[in-house]
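Undergrad: Curious how this folds, go ahead:
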Amino acid sequence: QVIIGLPTISYLTQVIDDIADLPEDLANGRPSYAVGALNEHPKERIYLQRYIQKRDLGKVTPRQFQNQAPQSYALVYRQYQEYLAQIEYQWLQELLEQIFLWFPVYRDLMYRIDPRYANF
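TA: A predicted model of the protein is given here:
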């Protein structure tokens, strides 16, 4: 195992970002980890797109993704766990796991306040 390197950090943050940006990526046809997983499960993709439209979501949280598209979420989460396993320190793995769960929630809150604050 490696302690942590730039590629690992990049992959971890990209997976987190891809969940939050699902509405935007789906609407614009952009590829991402989450969109790729949804493409593997077309019924879940349709269901999630309807959910996003119905609720007029600008950002998606991991919990919403998991509840609306459980098989797709499992693929994305499994990939995240594979990257996370490359980190040597347990405390850092636990911190990054919390970031995975809570950062998209924070971005959703910021988006609701003002969409300009959620795009960073």
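Undergrad: Give the other helices and strands that the lengthiest helix in the chain contacts.
TA: Longest helix in the chain, counting residues (DSSP state H): helix 90-113. With contacts taken as 3 or more CB pairs under 8 Å, 6 or more residues apart in numbering; DSSP states H and E, helix 90-113 sits against helix 6-20, helix 62-68, helix 70-84. Any C-beta I mention is one placed from the backbone N, CA and C, and that applies to glycine too.
Undergrad: contacting residues around the shortest one?
TA: With contacts defined as CB atoms under 8 Å, 6 or more residues apart in numbering, helix 62-68 is touched by 19, 22, 34, 44, 47-48, 51, 57, 72-73, 76-77, 100-101, 104-105.
Undergrad: What subset of those residues is buried?
TA: Neighbour-count burial (16 or more other CB atoms under 10 Å) applied to those gives 19, 22, 34, 44, 48, 51, 57, 72-73, 76-77, 100, 104.
Undergrad: farthest pair in these?
TA: Farthest-apart pair in the buried ones among the contacts of helix 62-68 is Y51 and F100; separation 20.7 Å (CB to CB).
Undergrad: Spatially central residue for this protein, please.
TA: I19 (2.1 Å; CA atoms, centre = their mean).
Undergrad: For it, which residues are in contact?
TA: Contacts of I19 (CB under 8 Å, 6+ apart): A34, V60, T61, P62, F65, V76, P104.
Undergrad: gap between the residue lying closest to the second one once chain neighbours are set aside and Q98?
TA: What that stands for is V60. Leaving aside its chain neighbours, V60 sits nearest to L22 (4.3 Å; criterion: CB to CB, 6 or more residues apart in numbering). According to CB to CB, to the nearest Å, L22 and Q98 sit 20 Å apart.
Undergrad: Also L109?
TA: Using CB to CB, we find L109 at a distance of 16 Å from Q98.
Undergrad: Give me the more crowded residue out of these two.
TA: Each of L109 and Q98 has its neighbours counted (other CB atoms under 10 Å); L109 has more, 13 against 9.
Undergrad: show me where pLDDT drops low in the protein?
TA: 1-5, 119-120 (pLDDT under 70).
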